[in-house]
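1. Structure here, sequence nowhere to be found:
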């Protein structure tokens with residue numbers, strides 16, 4: 001890997017872990033010190049991250065960590081809906097018996113986690129990643145990972161305050177359709193699942209907007 005590749009992966013990990021937060025202004029020199037490299041690889045890495053939608057370019061060559069606007073949120077979920085419905089259909093057509101067993105186990109783990117915490121868990125992401133792998137379409141997998149990282153990083157301020165509980169059986173019908181090779185049902189159920197997630201994030205976004213306006217009036 002080149003120095004720019006190493007810098008790119010390092011900054012990407014900072015975004016994924018929450019070390020860099022939505023709206024934060026990035027210093028090229030500070031990142032270079034943290035990554036123990038010269039500024040030039042950091043500049044190249046930041047350009048790449050901007051092109052992927054993870055950073056917002058500002059005036060005077062500055063950049064900030066992307067923070068989801070309402071328009072961003074709408075676009076992100078429309079793109080996820082389009083990609084993941086295709087992924088679900090392909091997975092239903094191509095999944096093998098070993099992959100089916102893994103998918104069932106992940107769905108069971110999700111329900112168990114919900115019974116313990118009554119909230120969404122990391123198993124949800126694992127289920128979607130496994131379904132994407134079963135689709136055997138690397139380009140779709142790559143795009144889905146990019147959109148998920150944008151949602152994770154730019155939407156962290158939304159997910160951090162999302163108080164609505166998860167849904168214990170949300171994946172059961174979807175998983176059953178995929179392992180039954182029922183492509184039409186899998187596509188339909190995945191679409192509903194993504195739309196439900198969008199509705200929750202939208203409501204949380206609107207609630208934060210309302211609270212922000214209320215605070216400004218009080219000040």
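-> Everything's here; your move. Computed from a predicted structure; not experimentally measured.

2. quick one, strands of this protein?
-> Applying DSSP state E to the chain gives strands spanning 25-26, 55-57, 63-65.

3. helices or strands up against the shortest one?
-> This means strand 25-26. For strand 25-26, the contact count by 3 or more C-beta pairs under 8 Å, 6 or more residues apart in numbering; DSSP states H and E identifies strand 63-65 as packing neighbours. Any C-beta I mention is one placed from the backbone N, CA and C, and that applies to glycine too.

4. Contacts for the strand it packs on, please.
-> With C-beta atoms under 8 Å, 6 or more residues apart in numbering as the test, strand 63-65 has contacts from 15, 20-26, 46, 50, 54-58, 153-154.

5. So for that strand, what gets flagged as buried?
-> For strand 63-65, the neighbour count (16 or more other C-beta atoms under 10 Å) marks 63, 65 as buried.

6. residues touching the residue nearest to residue 11 when sequence neighbours are not counted, list them.
-> Excluding its sequence neighbours, the residue lying closest to residue 11 (C-beta to C-beta, 6 or more residues apart in numbering) is residue 45, at 5.5 Å. By C-beta under 8 Å, 6+ apart, residue 45 lies in contact with 4-5, 7-8, 10-11.

7. Taking the centroid of this structure, which residue is nearest it?
-> For the chain, residue 148 is the residue whose C-alpha lies nearest the centre (C-alpha atoms, centre = their mean; 1.9 Å).

8. pretty sure it is touching residue 122, no?
-> No. In this structure, residue 148 is not within contact of residue 122 by C-beta atoms under 8 Å, at 11.9 Å.

9. Report the mean confidence score over the lengthiest helix in the chain.
-> Taking DSSP state H as the assignment, the helix of the chain that covers the most residues is helix 183-218. Summarised as a single mean, pLDDT over helix 183-218 is 85.

10. counting contacts, what elements does it pack onto?
-> Using 3+ C-beta pairs under 8 Å, 6+ apart, helix 183-218 sits against helix 70-94, helix 156-159, helix 172-179.
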